[in-house]
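Structure for this input, please:
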Amino acid sequence: MLQLDLQSRTPIYEQLITKMSEMISLGVLSSGEQLPSVRALARDLGVNPNTVQKAYQELERNGIIYSVSGKGSFIASGNSANEILKKQTVSKITEAVTEGKRTGLTKPQVIGVVELVYKEG
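Okay, here's the model as predicted:
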């Protein structure tokens, strides 16, 4: 289900957040669906349960999942999880464009990058 790159410089909990967010955006995980328990997912991935717990806490803090005491963690209902992910993505794009502008990228160069990304799929 989830594939992590243990050799990556990106922390494992961030990889988990990214992968789960992608799965929600693609509809692989749907609203109301229960996530594996922290211990089960940690065992399946071969990582420390604290790592999975940290990812779940961040996802919950961002409103992407919610927890029910004694029941587990679930994908947020409706389109709220997907809308939150879209807002976060817009924020990241805004930061990247602002940084590009600061470093001298022109608007046509930025648009060219966006067009290239969409062409590559």
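
tell me the domain ranges of this protein?
Domain segmentation of the chain under automatic domain parsing yields 12-80, 81-120.

Output those domains in CSV, with distance to Leu4 appended to each entry.
Placement of C-beta: from N, CA and C, glycine included. Shown next, in CSV, are the domains of the chain (distance: least, C-beta to C-beta, whole Å):
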stretch, distance to Leu4
domain 12-80, 5
domain 81-120, 19
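
Now do the helix or strand bottoming out on mean pLDDT in the chain: which elements does it pack against?
One helix or strand of the chain scores below all others by mean pLDDT, DSSP states H and E: helix 80-102, with a mean of 85. With contacts taken as 3 or more C-beta pairs under 8 Å, 6 or more residues apart in numbering; DSSP states H and E, helix 80-102 sits against helix 12-25, helix 107-120.

related to what we said a few turns ago, can you tell me which of the domains of the chain is most buried?
Most buried of those, by mean neighbour count (mean count of other C-beta atoms under 10 Å): domain 12-80, with a mean of 16.

Need the contact partners of the helix or strand hosting Val52.
Following DSSP states H and E, one finds Val52 within helix 49-61. Contact with helix 49-61 is made by 12-14, 16-17, 20-21, 35, 38-39, 41-42, 45, 65-67, 73, as judged by C-beta atoms under 8 Å, 6 or more residues apart in numbering.

now swap in stretch 82-97 and tell me
Taking C-beta under 8 Å, 6+ apart as the rule, stretch 82-97 contacts Ser21, Ile24, Ser25, Asn62, Gly63, Ile64, Ala76, Val110.

if we go to 6 Å?
Stretch 82-97 is touched from outside by Ser21, Ser25, Asn62, Gly63, Ile64, Val110, with contacts defined as C-beta atoms under 6 Å, 6 or more residues apart in numbering.

Could you check how far the fifth one is from Lys101?
It stands for Ile64. Using C-beta to C-beta, to the nearest Å, we find Ile64 at a distance of 29 Å from Lys101.
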